[in-house]
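[1] Make a model of this:
(chains A and B)
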Amino acid sequence: MARITFIQPDGTEQAVDGEPGLTVMETAKMNLIEGIEAECGGACACATCHVYVDDAWKEKTGAPGQMEEDMLDFAYDVRPTSRLSCQIRVTPELDGLVVRIPEKQF
Amino acid sequence: MAADGTAGPAQIETDALIIGGGPAGLFAVFELGLVDIKAHVVDILDKPGGQCAELYPEKPIYDIPGLPIVTGQGLTDALLAQTKPFGATFHWGQRVDALRRMEDGRFRVVTDIGTEFHAKVVVIAAGGGSFTPKRPPLAGIEPYEGKSVFYAVRRMEDFRGKDLLVVGGGDSALDWTLNLQPVVKSLTLLHRRDEFRGAPHSVEQMRALVAEGKVSLLIGQMAALDGDGNELTAVAVKTKDGETRVAANRLLPFFGLTMKLGPVAEWGLNLHENLITVDTERFETSEPGIFAIGDINWYPGKLKLILSGFHEAALMSQAAYKIVYPGKKLLFQYTTSSSSLQKKLGVS
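    So this is what the prediction gives:
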C-alpha cells in the first residue's frame, strides 16, 4: 500500500491507502475524494482528474507523456506540477505522495 | 419552416428515430431492422461511435462478448458494417432539441438546425448526453455567451471589425485564427504552451501570420473577464511573466467537449439522478413509445456497459414492433436458421 494525501483547495487533507497498480485517479474515486471528476473514466481523454503534484514528489511521479501534455491543454489553471491523476500509477515508491486538487476542473 | 422563417429541410417520416449514434444506437438500427423497423439516427458528433469514437478511438475494450480485444473505433466500424443491410439514414452533427407527441400519436422531433422527423417510436440512446463545448470556468462568463463569447463560429460576420481573442491549441483554434484573421480588426491567439496539437500545415500558416504581425501569439492562460456583463472589453491573462490584459470584444475559447444531459432533461420523462427511468422488459420510458437504451437509462441493477446497451436494444425492438405494427404477431427467430431474417440481412 502507498499512503496518498489529497489536499482540497480549502486546505482540507484526506490521506488514503492506494493500492499499487491502480492509478491515483482510481484511488481518489474509490475513496470518494471530491474534485476528481474523471469524466472519461481514465482514458486520458477529458482532463477532469487534474491535480497538482506536491513539489517534493514531482520527480518521483515524473513528467506527463505527450498524450497527457496535449490533454492538459483542456485543463484549467495548468501549472508546472500539473498532472492528470489517471496517468499516475500507484507504486510502493509513491508511499507518502501528496497531490493538490485544483480550484476547478474544466 | 425553421425558427428564422427560412425554409428548413423537409419533414422526414420514419418508423423509428434513434437519438445517439454510439454503440447502443447503432446496434438498435440492427435489432429494429431485423423486425422490419426502419430508422433514422441523429447524433451531435460529426461521426458515428459516440464516446467510443470521441473519447477512446484507439483504446482497447476487453468486455465485448466474443471480441477479446477491440478498439473504440474498431467496434464502431464493425457495428456500422452490421447495420448496413438495414439502410438507416444518419444525420451527424445535429442535436435533437425538441420532442413531443403529435395528435396522431406519433412523435415530432426537431434538431437544432431544423430537421424535423415524424416517428412512430423514439429510441433515446444518448449515452452521457450531448457532447457540448467546455465552458471556461471563469466568473461571470455566462452573460457574455452568444454576444461576446462564442464556442463555435456560425456567422463570420459576427466577428467583422472586432478585437478577437482565440484560445486553444488544436485545429479549431488554429482554423478559426486563419479564417477570421482577414475579417477582424485584431486577433490574438492564446495558448498555454508554445506547442500546438493542430495540423502542422495550419501551425505553419499561423506562425507566418504571427511573423507578419497580423496575429499576436500569447502564451498563457485566461484568468478573468472584463466588461459590463454584456459586451466584453478585455481578458486578463496569466503568463510566465505575470498578468497581462488583452483588449478583446470577441472571445472564442476551444477547450474540447464535455457531456451534458442537455435537452433530454426537458422532455418530461421520469428521471433518476439525470438518467432516464425505464422498465426492464421493454426499456420504455415513462412515455409510451419513447424508449431509452444504453448509458442514458436507469433501472435497478443497471450496469453502464456496452453489452447492456446491446441487450436493451434487442428487447426494446420487440416492444417497438408492437407499436409500429399494431396487431401483428412477431415470430421469434434466429439469424442462424431463419431464411426470412437472412433475406433481410442480404445473406441468403
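[2] Going by C-alpha atoms from here, please, whenever you check contacts or count neighbours.
    Noted.
[3] Tell me, how many residues neighbour the residue of the stretch 1-150 of chain B found nearest chain A?
    Nearest residue of the stretch 1-150 of chain B to chain A (CA to the nearest CA) works out as B:L55 at 5.4 Å. A count of nearby residues for B:L55, using other CA atoms under 10 Å in any protein chain shown, gives 19.
[4] Okay, and B:Q82 sits in which element?
    helix B:72-83 (DSSP states H and E).
[5] likewise B:T177?
    Per DSSP H and E: B:T177 is located in helix B:171-180.
[6] just the CA coordinates of that helix, formatted as CSV?
    Extracted in CSV, the C-alpha atoms of helix B:171-180 (Å, rounded to 0.1, in the frame of the first residue of the first chain):
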residue,chain,number,x,y,z
ASP,B,171,-7.4,22.5,-35.0
SER,B,172,-10.5,24.6,-34.1
ALA,B,173,-8.4,27.3,-32.6
LEU,B,174,-5.9,27.3,-35.5
ASP,B,175,-8.6,27.1,-38.2
TRP,B,176,-10.6,30.0,-36.9
THR,B,177,-7.4,32.0,-36.4
LEU,B,178,-6.6,31.5,-40.0
ASN,B,179,-10.2,32.0,-41.3
LEU,B,180,-11.1,35.0,-39.2
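[7] Any idea which residue of chain A lies closest to chain B?
    Taking CA to the nearest CA, chain A has A:F74 as its residue nearest chain B, at 5.0 Å.
[8] how many neighbours does that residue have?
    25.
[9] if I read this right, B:L307 contacts B:I64, doesn't it?
    Yes. Counting by CA atoms under 8 Å, B:L307 touches B:I64, with 6.4 Å between them.
[10] mind checking how far the nearest residue to B:R95 once chain neighbours are set aside is from B:E142?
    Nearest non-adjacent residue to B:R95, counting by CA to CA, 6 or more residues apart in numbering or on different chains: B:I44, 4.7 Å away. Distance, B:I44 to B:E142, by CA to CA, to the nearest Å: 22 Å.
[11] Give me the more crowded residue out of those two.
    More crowded of B:I44 and B:E142, by other CA under 10 Å: B:I44, with 23 against 15.
[12] need the contact list for the more buried one.
    Neighbour list for B:I44: B:20, B:92-96, B:130-131 [criterion: CA atoms under 8 Å, 6 or more residues apart in numbering or on different chains].
[13] got TSV for these, with pLDDT too?
    Putting the contacts of B:I44 into TSV (pLDDT from 0 to 100) gives the following:
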residue	pLDDT
B:G20	98
B:W92	96
B:G93	93
B:Q94	94
B:R95	94
B:V96	96
B:S130	89
B:F131	88
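[14] Now the buried members of the residues you listed.
    Among these, those scoring as buried are B:20, B:92, B:94-96, B:130-131 (criterion: 16 or more other CA atoms under 10 Å in any protein chain shown).
[15] so A:R83 touches A:V51, yeah?
    Yes. When contacts are counted by CA under 8 Å, A:R83 is listed as touching A:V51 (5.5 Å).
[16] Any stretches of chain A with poor pLDDT?
    By pLDDT under 70, chain A has no low-scoring segment.
[17] coming back round to it: looking at it, the residue of the stretch 1-150 of chain B closest to chain A is touching A:A47, isn't it?
    No. Applying CA under 8 Å as the test, B:L55 and A:A47 come out as separate, 11.3 Å apart.
[18] What distance do you get for the residue of the stretch 1-150 of chain B closest to chain A to B:P68?
    Taking CA to CA, one finds B:L55 at 20 Å from B:P68.
[19] Disregarding residues adjacent in the polypeptide, which is nearest to the residue of the stretch 201-348 of chain B found nearest chain A?
    In the stretch 201-348 of chain B, the residue that lies nearest chain A is B:F255 (5.0 Å; CA to the nearest CA). Nearest residue to B:F255 in three dimensions, chain neighbours excluded: A:F74, at 5.0 Å (CA to CA, 6+ apart).
[20] In three-state terms, label the one you found for me.
    When classified by DSSP: H, G, I helix; E, B strand; the rest coil, A:F74 comes out as coil.
[21] Could you check what's spatially nearest to B:T83, not counting adjacent residues?
    B:F30 (5.0 Å).
[22] Kindly report the same for B:Y62.
    Nearest one to B:Y62, counting by CA to CA, 6+ apart, is B:I69 at 4.8 Å.
[23] OK, contacts around A:Q87?
    Contacts of A:Q87 by CA under 8 Å, 6+ apart are A:23-25, A:42, A:44, A:64, A:68.
[24] Among those, which lie within helices?
    Judged by DSSP state H, helices contain the following of those: A:24-25, A:68.
[25] Distance to chain B and neighbour count added to the residues you listed, as CSV?
    Formatted as CSV, those follow (distance: CA to the nearest CA, whole Å; neighbours: other CA atoms under 10 Å in any protein chain shown):
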residue, distance to chain B, neighbour count
A:V24, 19, 26
A:M25, 17, 27
A:E68, 12, 18
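[26] Make CSV out of the residues you listed and add distance to A:D95.
    Below are these laid out as CSV (distance: CA to CA, whole Å):
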residue, distance to A:D95
A:V24, 12
A:M25, 15
A:E68, 23
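[27] List of residues touching the lengthiest helix in chain B?
    Determined from DSSP H, the single longest helix within chain B is helix B:306-324. Here helix B:306-324 makes contact (CA under 8 Å, 6+ apart) with B:15, B:23-25, B:27-28, B:31-32, B:35, B:37, B:63-65, B:120-121, B:281-284, B:289, B:291, B:293-295, B:328, B:330.
[28] where does chain B come near chain A, residue by residue?
    Within chain B, the positions near chain A by CA under 8 Å from any CA of the partner chain are B:55-56, B:59, B:134-137, B:168-169, B:192, B:197, B:221, B:255-256, B:258.
[29] Could you give the number of residues near the closest residue to B:V35 other than its chain neighbours?
    Using CA to CA, 6+ apart and skipping the chain neighbours, the partner closest in space to B:V35 is B:Y321 (6.8 Å). Residue neighbour count, defined by other CA under 10 Å, stands at 20 for B:Y321.
[30] what's the answer for B:L330, then?
    Count around B:L330 with other CA under 10 Å applied: 12.
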